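>>> Have a look at this fold, sequence not included:
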């Protein structure tokens, strides 16, 4: 505020009168024109339009956890939310990224575009998780958001967790009965069976096949330095 003196009196008028009439004050709330100081020390002619400009809404993507099946697929649904309804159309692109889970063997890669019509605040991204019978650790992958229009991205990465449902593999060996001979040797054959397939820590996914058979032949007495009985 500044003081104006007229006929020995003091009046207070807005300091905005220092602006020239051609100036515009941009406040984020609207445009305000400067007033005119009258001869009697009063201010008049101040006018303006106040327009409230709302901040752009923000986008967040959620997380998803599913238990894989033995066959077929299970859907992992990621919810994308807009912080507030918009009067404009909001768009954002998305795509999947491997972590410990691998596209093609653990889940199906997806990529695309979400469109929020004015007033909409929620969309869903669906990722198909592939079933198998391999014992493996729980695995993860990501769904990422990028290149949003008419909105900002507050959280642009969702984590998908695949919970394994397959039993831990085990080994079993059978019993063998043989009849000894009068001379020479008789070799018993023991067969080991690997139950349930397991994904190796490194390398490609093994083919789904019949259980592995392990054959063991004990050493002959001659190899041990023992003469055969007569």
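Sure thing, it's come through. What you see is a predicted model; the values in this text were computed from it and never measured.

>>> Quickly list what residue 60 is bridged to.
Following DSSP bridges, residue 60 is listed with bridge partners residue 81, residue 155.

>>> what sits against it?
80-81, 83, 154-155 (Cβ atoms under 8 Å, 6 or more residues apart in numbering). Bear in mind the C-beta positions are built from the backbone N, C-alpha and C, glycine included.

>>> which secondary structure element contains the nearest residue to residue 177 once chain neighbours are set aside?
Excluding its sequence neighbours, the residue lying closest to residue 177 (Cβ to Cβ, 6 or more residues apart in numbering) is residue 188, at 7.9 Å. Here residue 188 sits in a region with no helix or strand, counting by DSSP states H and E.

>>> now the one 3 residues further on
When secondary structure is defined using DSSP H and E, the element that contains residue 191 is strand 190-195.

>>> pLDDT (mean, whole number) over that strand?
Averaged over strand 190-195, pLDDT sits at 65.

>>> right, and residue 131 touches residue 67 too?
No. Applying Cβ atoms under 8 Å, one finds residue 131 not in contact with residue 67, separated by 9.8 Å.

>>> Settle it for me: which of the two has more neighbours?
Counting neighbours by other Cβ atoms under 10 Å for residue 131 and for residue 67 shows that residue 131 has the greater number, 16 against 13.

>>> how near is that one to residue 164?
Counting by Cβ to Cβ, to the nearest Å, the gap from residue 131 to residue 164 is 11 Å.

>>> Show me whatever sits in contact with both of the two.
Shared contacts of residue 131 and residue 164, counting by Cβ under 8 Å, 6+ apart, come down to residue 68.

>>> before we move on, back to that, quickly name whichever of the contacts of residue 60 is closest to residue 121.
residue 81 (6.2 Å; Cβ to Cβ).

>>> Can you name the residues that contact that closest one?
The contact partners of residue 81, taken as Cβ under 8 Å, 6+ apart, are 59-60, 62, 121-122.

>>> Tell me how far it lies from residue 88.
17 Å.

>>> And residue 63, by the same measure?
28 Å.

>>> what does residue 156 give?
According to Cβ to Cβ, residue 156 stands 20 Å off from residue 88.

>>> cool, residue 181 as well?
92 Å.

>>> do the same with residue 76
In terms of Cβ to Cβ, residue 76 sits 30 Å off from residue 88.
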